[in-house]
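Q: Here's my sequence, what's the structure:
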Amino acid sequence: MRAGCSLAASITGGDVRLIKARFPGLPVVTYVNTSADVKAESDVCCTSSNAAAVVEWAAREWGVDRVILLPDEYLAKNVAAQTGIKIIAWHGRCEVHERFTAQDISELRAAHPGLVVLAHPECPPDVMAAADFAGSTAALQSYVEEKRPGKVVLLTECSMSDNVAANAPDVDFIRPCNLCPHMKRITLEAIYDALAEMKTEVTIPEDVRVRAKLAIDRMLALPKEKPRAFATGLPLAAVEVV
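A: Next comes the predicted model:
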């Protein structure tokens, strides 16, 4: 029950309502790492894999040149740089990814010549600029499986890095990853107990469930595309953080 998410905790449905009142008529794209209450106030959800594509779709669908993308500030900045669309962002961050720095990359390269640096788009823009490749977990995994770099580091959560490494035993993984304390609180044993004993049930008001599901369904209805890489070394784009 102590497991949570720094991104989900950074914003509430009330916050989203205030943002919409300040920027009427703009579509609200919300990252899946949010509560049902926040999704219910949103127009469409996104993942790190499809964030750029969903923002482009929302701008076209609403006929606007600005899109609200919540709650990850760094994902929003990286999507803005990737798409050229002006983004209204929120000051939410992943406590795992925000700890990586460009200095970390410099030190890793000095210690491991020939190292290929892969970064997740929840990392700060200076990290993205210093990386060799950036993308969602799926995109990072595809890169490793297709390119088979001799030596690689994934700037993301440790468990995600472990999953990619399991499929590429011939690749040397350098592991300065950061642990997510919340993910580590979720265990198979706890899941089993919850299902076997039907305990720690979460209930959601019906009106919230219906509206949150609409935002998810809109995302799922969009054409599927291969996880898009985030270009590295791009200049910062127009982002207003509220």
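
Q: Tell me where the model's unsure across this structure.
A: Low-confidence segments of the chain (pLDDT under 70): 177, 227-229, 231-238.

Q: Next up, the contacts around Trp165.
A: You called it Trp, but residue 165 is Ala. Val171, Phe173 (C-beta atoms under 8 Å, 6 or more residues apart in numbering). C-beta: built from backbone N, CA, C; applies to glycine.

Q: Let's see that with 7 Å instead.
A: Taking C-beta atoms under 7 Å, 6 or more residues apart in numbering as the criterion, Ala165 is in contact with Phe173.

Q: Need the phi and psi values for it.
A: phi -60, psi -30 (degrees, to the nearest 10).

Q: roughly how far apart are it and Thr156?
A: Counting by C-beta to C-beta, to the nearest Å, the gap from Ala165 to Thr156 is 12 Å.

Q: and what of Gly25?
A: 35 Å.

Q: ok, now Asp37?
A: From Asp37 to Thr156 the distance is 27 Å (C-beta to C-beta).

Q: Asp15: neighbouring residues, count only.
A: 18 (other C-beta atoms under 10 Å).

Q: gap between it and Val210?
A: Counting by C-beta to C-beta, the gap from Asp15 to Val210 is 21 Å.

Q: To what extent is the closest residue to Pro71 other than its chain neighbours buried, counted in neighbours?
A: Leaving aside its chain neighbours, Pro71 sits nearest to Gly92 (3.3 Å; criterion: C-beta to C-beta, 6 or more residues apart in numbering). Gly92: 26 surrounding residues under other C-beta under 10 Å.

Q: contacting residues for Gly92?
A: With the criterion set at C-beta under 7 Å, 6+ apart, Gly92 makes contact with Leu7, Ser10, Ile11, Pro71, Asp72, Glu73.

Q: now with 8 Å?
A: Ser6, Leu7, Ser10, Ile11, Leu70, Pro71, Asp72, Glu73.

Q: Please list the members of those residues that lie in strands.
A: Within the contacts of Gly92, residues falling in strands by DSSP state E are Leu70.

Q: so where does the nearest residue to Leu7 once chain neighbours are set aside fall, helix or strand?
A: Closest residue to Leu7 apart from its sequence neighbours, by C-beta to C-beta, 6+ apart: Asn33 at 4.4 Å. Assigning secondary structure by DSSP states H and E places Asn33 outside every helix and strand.

Q: What separation is there between the closest residue in space to Ala134 that isn't next to it in sequence and Ala129?
A: The shortest distance from Ala134 to any non-neighbouring residue, by C-beta to C-beta, 6+ apart, is to Phe230 (4.0 Å). Computed as C-beta to C-beta, the Phe230 to Ala129 distance reads 11 Å.
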